[in-house]
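Asks: next input, structure requested:
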Amino acid sequence: MSSSSDSATLAVLVRQDLGMSAGKIAAQTAHAAVACSLKARKEASALFARWRSEHGRIVVLGVEDLEALEVHLEDAQAHRLVHHAVSDAGRTEVAPGTVTVLGIGPAPSSVLEVLVGRLEAL
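Replies: This next block holds a predicted model:
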């Protein structure tokens with residue numbers, strides 16, 4: 001998740017154990033990005049404005065399973081970062097209420113590097 005500067009970035013963590021199709025991953029990622037954007041606009045307006053002015057960098061990363069996603073959720077909460085976990089409605093590929101992805105940010109890339117830098121991009 002390397003970045004050349006400390007730009008603002010939004011990270012979306014996708015559970016790899018669910019076997020979601022590329023289309024499903026794209027939809028779930030979009031849900032997380034929109035929710036985080038709306039929260040950041042209210043709760044971290046200066047960082048949101050910076051993120052938007054820097055062209056809204058988003059990285060999509062894989063996590064093994066729900067347990068790994070929850071560890072990152074706890075990290076986001078501990079660092080007081082904007083975050084949103086998406087619970088699916090269950091109309092297509094996964095059961096209702098399944099947590100599919102976690103959005104974190106926008107946040108400084110240096111902070112995200114510490115929290116999710118070891119995860120692989122999808």
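
Asks: tell me who's in contact with residue 47.
Replies: 8, 40, 106-108 (CB atoms under 8 Å, 6 or more residues apart in numbering). Every residue, glycine included, has its C-beta placed from N, CA and C.

Asks: what strand or helix carries it?
Replies: Using DSSP states H and E, residue 47 sits within helix 45-53.

Asks: list the buried residues in that helix.
Replies: 47-48, 51 (16 or more other CB atoms under 10 Å).

Asks: ok, longest strand in the chain?
Replies: strand 99-108 (DSSP state E).

Asks: next, the angle helix 45-53 makes with that strand.
Replies: 100 degrees (axes from the mean of the first three to the mean of the last three CA atoms, to 10 degrees).

Asks: strand 99-108: partners in the sheet, and parallel or antiparallel?
Replies: If you go by DSSP bridges, strand 99-108 pairs up with strand 8-15 (antiparallel), strand 83-87 (antiparallel).

Asks: just how off-centre is that strand within its chain?
Replies: Here strand 99-108 is found 2 Å from its chain centre; the criterion is CA atoms, centre = their mean, to the nearest Å.

Asks: same deal with stretch 15-32?
Replies: 12 Å.

Asks: alpha carbons of that stretch, as PDB, please.
Replies: These are the backbone C-alpha positions of stretch 15-32, laid out as PDB (Å, rounded to 0.1, in the frame of the first residue of the first chain):
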ATOM      1  CA  ARG A  15     -13.000 -10.700   3.000                       C
ATOM      2  CA  GLN A  16     -11.400 -13.500   0.900                       C
ATOM      3  CA  ASP A  17     -13.100 -16.400   2.500                       C
ATOM      4  CA  LEU A  18     -16.500 -15.600   1.000                       C
ATOM      5  CA  GLY A  19     -15.700 -16.300  -2.600                       C
ATOM      6  CA  MET A  20     -17.500 -13.200  -3.900                       C
ATOM      7  CA  SER A  21     -17.500 -12.600  -7.600                       C
ATOM      8  CA  ALA A  22     -15.700  -9.600  -9.000                       C
ATOM      9  CA  GLY A  23     -19.000  -7.700  -9.400                       C
ATOM     10  CA  LYS A  24     -20.000  -8.400  -5.900                       C
ATOM     11  CA  ILE A  25     -16.600  -7.200  -4.600                       C
ATOM     12  CA  ALA A  26     -17.000  -4.000  -6.700                       C
ATOM     13  CA  ALA A  27     -20.500  -3.300  -5.300                       C
ATOM     14  CA  GLN A  28     -19.400  -4.000  -1.700                       C
ATOM     15  CA  THR A  29     -16.300  -1.800  -2.100                       C
ATOM     16  CA  ALA A  30     -18.500   1.000  -3.500                       C
ATOM     17  CA  HIS A  31     -20.900   0.700  -0.500                       C
ATOM     18  CA  ALA A  32     -17.900   1.100   1.900                       C
END
